[in-house]
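Asker: Coordinates for the following, if possible.
(chains A and B)
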Amino acid sequence: KQEVTQIPAALSVPEGENLVLNCSFTDSAIYNLQWFRQDPGKGLTSLLLIQSSQREQTSGRLNASLDKSSGRSTLYIAASQPGDSATYLCAVGGSARQLTFGSGTQLTVLP
Amino acid sequence: DVKVTQSSRYLVKRTGEKVFLECVQDMDHENMFWYRQDPGLGLRLIYFSYDVKMKEKGDIPEGYSVSREKKERFSLILESASTNQTSMYLCASRGEVGSSYNEQFFGPGTRLTVL
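Answerer: Numbers count the residues shown, from 1 in each chain, chains lettered A, B, ... in the order given. You can find the predicted model right below:
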């Protein structure tokens, strides 16, 4: 059974810093991996989707990488801003219809 | 722009009431999902559907049922609401192409309180 782990559970950084969020998964037979953002009391917003054949995806200040063989993905946020404060979740898609989610990293960017 | 909408942002019900949570997506997605999210427990899958009138149990289906009469609409039903069903409920949809699955999108969530 696929398991997804996100470390650390919480992270606090000063504004302007570049940062990396980590996601690891136990079964490398995945189809894709998706990063989400969740603000308190809201639904999840899709940030990036990486297909298994891709190594990375970029959107603005966000860059997500995927290393299937080692079971890892990272989300890089450049020049962090207080508005980036949220919980970030990664989710892995395999042959099943449903995604397997990590428990998230709660990010606080201090002004 | 993909849109997943949920019928209510906030809902307050009494113990024993029958509760309907509605979800609609406008992207012609085959797959729709209902999750609940509780502090410290993360996202847990209740039910999902991969076609009209088709449903499959997720990790925590007890106390819930679902209905999918039309492709765009997926309803979650609490037959007799209990206080331990107080939670944030999230609906999602996901398309598929051949044997692979695409990006998943979520609705804004329904905060349900059962008194």
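Asker: the helices in chain B, which residues?
Answerer: With helices called from DSSP state H, chain B shows none.
Asker: Low-confidence stretches in it?
Answerer: B:1-2, B:98-100 (pLDDT under 70).
Asker: can you pull out the strands in chain A?
Answerer: A:4-7, A:10-14, A:19-25, A:32-38, A:44-51, A:56-59, A:62-67, A:72-77, A:86-93, A:100-101, A:105-110 (DSSP state E).
Asker: what's the angle from the third one to strand A:105-110?
Answerer: Looking back up the chat, that one is strand A:19-25. Counting by axes from the mean of the first three to the mean of the last three CA atoms, to 10 degrees, strand A:19-25 lies at 180 degrees to strand A:105-110.
Asker: Now strand A:19-25: buried residues?
Answerer: A:19, A:21, A:23-25 (16 or more other CB atoms under 10 Å in any protein chain shown). For glycine as for every other residue, the C-beta is placed from the backbone atoms N, C-alpha and C.
Asker: so how far is chain B from the residue lying closest to A:Q106 once chain neighbours are set aside?
Answerer: Nearest residue to A:Q106 in three dimensions, chain neighbours excluded: A:A10, at 4.4 Å (CB to CB, 6 or more residues apart in numbering or on different chains). Computed as CB to the nearest CB, to the nearest Å, the A:A10 to chain B distance reads 13 Å.
Asker: ok now do residue 52, which residues does it touch?
Answerer: I went with chain A, as the question did not name one. A:30-33, A:66, A:68 (CB atoms under 8 Å, 6 or more residues apart in numbering or on different chains).
Asker: um, chain B though
Answerer: Contacts of B:V52 by CB under 8 Å, 6+ apart are B:68-71.
Asker: before we move on, back to that, restrict the contacts of A:S52 to contacts with chain B.
Answerer: A:31-32 (CB under 8 Å from any CB of the partner chain).
Asker: Closest one of the contacts of A:S52 to chain B?
Answerer: Nearest to chain B out of those is A:Y31 (CB to the nearest CB; 5.4 Å).
Asker: Now do the phi/psi pair for that closest one.
Answerer: When read as degrees, to the nearest 10, the backbone of A:Y31 gives phi -100, psi -40.
Asker: which non-adjacent residue is nearest it?
Answerer: Leaving aside its sequence neighbours, A:Y31 is closest to A:G93 (4.9 Å, by CB to CB, 6+ apart).
Asker: Just the pLDDT for the nearest residue to A:S69 once chain neighbours are set aside.
Answerer: What sits nearest to A:S69 in space, not counting adjacent residues and going by CB to CB, 6+ apart, is A:S28, at 6.2 Å. Here the pLDDT value assigned to A:S28 is 91.
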